[in-house]
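Peer 1: Fold the following.
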Amino acid sequence: MSEQTPPRATEGGCPVAHGEDTTRLYGSGMEDFSHAVYAQLRTRHGGVAPVLLEGDVPAWLVLGYRENRRVLDNPLQFSRDSRIWRDFKEGRVDTTSPLMQMVGWRPDCVSQDGEPHRRLRGAVTDNLYAVAGRGIRRHVTHFANQQIDAFADTGRADLVADFSEYLPMLVLTRVFGLAAKEGRSLAESSKQVIKGGADALTHNERIMGILGELAARKRAEPGSDFASGLIKHHAALDEDEVVNHLRLVLITAHTTTSNLLARTLQLVLTDTTWLSDLVSGQVNMSTVVEEVMWNTPPLAVLPGRFATADLELGGCPVKQGDLLVLGLAAGNHDPGIRPDADISVRGNASHLAFSGGPHECPAQNIGQAIIETAVDVLLHRLPGLRLAVAPDELTSTASTWESRLDSLPVEFAV
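Peer 2: Just a heads-up that it's a prediction; the model follows:
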């Protein structure tokens, strides 16, 4: 993320139009991504700031907690249907843009509102609940132990590369009815789709190819897996809808859960109070995860919403067809609702990490089950687990949508 010169023309604290002086939310400088940048934008613009996304595509970044809630809770004003996106309709964004992997229209529930959204989301949630009832924690325990077996005798590990980076995808292969051997390559492709850049389209096509083959196989030989459940659901999804919902759940469930798992491990290993309280039973894992979701939500910025009419948001003149991206991390640190970000938010679940409104994440309980089980297995398997470097040596890499921990070196007794 790079800062430009202050805007020249303002209206209600916001620039009237995006221009060269607008903040870029991509490219060089993203390594400096921090809450300090959000604070600077908030000081300059208030609860909504003009930004440029990859390819210098204009958007509004929603910074304020209340402004985020307004957008999330009002689909009639802020639609998820990108077919009304003015810059795309008028040819300023190409179908091959990396942004399209995140904000472009697809025949899935996140691209729809109203009754079409309810029909498709019902198929997803029904089958996620069914999956959760078929021993999701057992799958996590199996693959977590398998991952730990690879380094348990060495006394050292990187809990990002050796554990959190791939574990959720390995679980998802079992849930979807895929071969476990597909897990690592699918995890890498999912990460590249979220990251964006020139390779995003190639990785997305690879994912779609694998899932298309899976759907065809499950139509011929159904089982008790998520893919088979979508196919036979009473909502009668067509072939494109089935494959695109497999894609949606695969990418979002893996990338958000792997990121959140790494951040949860970071918290308990860098703050010994949390670890001791967890081990002694004074707090449970869900409380630790809630703290992480306030401080470092797995998606820092959520794509995207589109204004259905000219309106004002946070004093900014948003025009019909404008793209808005939701600053979940920024909203969670809005001083208007959280004046001291250093104070724990134990017991408060009103964070923005799972979005909100009709499009709130339907898989949050499954993600939390994966994390709680994985951390529990890890702490029991690795006695004396401790961070192998100073906490301030840990680094992260940011893209437009997320900030991921690079590594988490640890030591333990053997």
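Peer 1: residues in contact with L230?
Peer 2: Shown in contact with L230 (C-beta atoms under 8 Å, 6 or more residues apart in numbering): 123-124, 127, 237, 242, 245-246. For glycine as for every other residue, the C-beta is placed from the backbone atoms N, C-alpha and C.
Peer 1: Can you tell me how far the nearest residue to it once chain neighbours are set aside is from G46?
Peer 2: Using C-beta to C-beta, 6 or more residues apart in numbering and skipping the chain neighbours, the partner closest in space to L230 is V242 (5.1 Å). When distance is defined by C-beta to C-beta, to the nearest Å, V242 is 43 Å away from G46.
Peer 1: Between these two, tell me which one has more neighbours.
Peer 2: V242 (24 against 18; other C-beta atoms under 10 Å).
Peer 1: how about that one, what does it touch?
Peer 2: By C-beta under 8 Å, 6+ apart, the neighbours of V242 are 215, 227, 230-231.
Peer 1: closest to E290 among those?
Peer 2: L230 (30.1 Å; C-beta to C-beta).
Peer 1: For that closest one, which three-state class applies?
Peer 2: Under DSSP: H, G, I helix; E, B strand; the rest coil, the three-state class of L230 is helix.
Peer 1: re the thing from before, using pLDDT, spot the least trustworthy of the contacts of L230.
Peer 2: Scanning the contacts of L230 for pLDDT, the smallest score is found at N127, 93.
Peer 1: How about the contacts made by it?
Peer 2: Here N127 is in contact with 226, 229-230, 233 (C-beta under 8 Å, 6+ apart).
Peer 1: So which residues of the stretch 251-400 of the chain form strands?
Peer 2: With DSSP state E, counting those that start in this stretch as the criterion, the stretch 251-400 of the chain has strands at 301-307, 311-313, 316-318, 323-327, 386-387, 396-398.
Peer 1: Which one of the ones you listed lies nearest to V62?
Peer 2: strand 323-327 (5.1 Å).
Peer 1: Contacts for that closest one next, please.
Peer 2: Contact with strand 323-327 is made by 25, 38, 48, 51, 53, 57-63, 68, 71-72, 78, 85, 87, 103, 300-307, 313, 318, 352, 355, as judged by C-beta under 8 Å, 6+ apart.
Peer 1: Distance from the chain centre to the longest helix anywhere in the chain, please.
Peer 2: Counting residues, the longest helix found in the chain (DSSP state H) is helix 239-270. Its chain's C-alpha centre and that of helix 239-270 lie 7 Å apart, by C-alpha atoms, centre = their mean, to the nearest Å.
Peer 1: Also stretch 279-294?
Peer 2: 20 Å.
Peer 1: List the buried residues for it?
Peer 2: Residues 283, 285, 287-294 are the ones in stretch 279-294 that count as buried (16 or more other C-beta atoms under 10 Å).
Peer 1: do stretch 400-414 as well
Peer 2: For stretch 400-414, the neighbour count (16+ other C-beta under 10 Å) marks 400-405, 407-412 as buried.
Peer 1: How about stretch 212-228?
Peer 2: Of the residues in stretch 212-228, 212, 214-215, 218, 225-228 count as buried by neighbour count, 16+ other C-beta under 10 Å.
Peer 1: Closest to A253 out of the residues you listed?
Peer 2: Distances from A253 to these, taken by C-beta to C-beta, are shortest for F226, at 10.0 Å.
Peer 1: pLDDT value on the closest one, please?
Peer 2: 95.
Peer 1: Assess the claim that it and F176 are in contact.
Peer 2: Yes: under the criterion of C-beta atoms under 8 Å, F226 is in contact with F176, at a separation of 5.2 Å.
Peer 1: tell me, what's touching the two both at once?
Peer 2: With C-beta under 8 Å, 6+ apart, F226 and F176 have common neighbours L246.
Peer 1: Tell me where the stretch 251-400 of the chain has helices.
Peer 2: 272-280, 285-295, 328-332, 364-381 (DSSP state H, counting those that start in this stretch).
Peer 1: Show me where the stretch 201-350 of the chain dips below the pLDDT cut-off.
Peer 2: For the stretch 201-350 of the chain, no stretch is flagged by pLDDT under 70.
Peer 1: ok, back up a step: mind checking which of the contacts of L230 are buried?
Peer 2: By 16+ other C-beta under 10 Å, the contacts of L230 give 123-124, 127, 237, 242, 245-246 as buried.
Peer 1: Could you look up the SS state of G197?
Peer 2: Under three-state DSSP, G197 comes out as coil.
Peer 1: What count of nearby residues applies to the residue nearest to it when sequence neighbours are not counted?
Peer 2: Nearest non-adjacent residue to G197, counting by C-beta to C-beta, 6+ apart: P98, 5.7 Å away. By other C-beta under 10 Å, 21 other residues sit near P98.
Peer 1: and P98, how far is that from E54?
Peer 2: To E54, P98 is 6 Å away according to C-beta to C-beta.
Peer 1: Overlap of the contact sets of those two?
Peer 2: With C-beta under 8 Å, 6+ apart as the test, P98 and E54 both reach 196-197.
Peer 1: pretty sure A215 is touching D240, no?
Peer 2: No: here A215 does not reach D240: they are 9.8 Å apart, not a contact under C-beta under 8 Å.
Peer 1: tell me the strands in the stretch 1-150 of the chain, going along the chain?
Peer 2: 10-11, 14-15, 23-24, 48-53, 57-62, 78-79.
Peer 1: Now mean pLDDT and mean neighbour count too, for these, in CSV please.
Peer 2: Output for the strands of the stretch 1-150 of the chain, formatted as CSV (pLDDT from 0 to 100; neighbours: other C-beta atoms under 10 Å):
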stretch, mean pLDDT, mean neighbour count
strand 10-11, 42, 13
strand 14-15, 54, 22
strand 23-24, 85, 20
strand 48-53, 95, 25
strand 57-62, 97, 24
strand 78-79, 98, 22
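Peer 1: Rebuild those as TSV, extending it with distance to P107.
Peer 2: Converted to TSV, those look like this (distance: least, C-beta to C-beta, whole Å):
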stretch	distance to P107
strand 10-11	38
strand 14-15	35
strand 23-24	32
strand 48-53	23
strand 57-62	23
strand 78-79	16
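Peer 1: and E115, which of these is closest to it?
Peer 2: Judging the strands of the stretch 1-150 of the chain by C-beta to C-beta, what sits closest to E115 is strand 78-79, at 13.8 Å.
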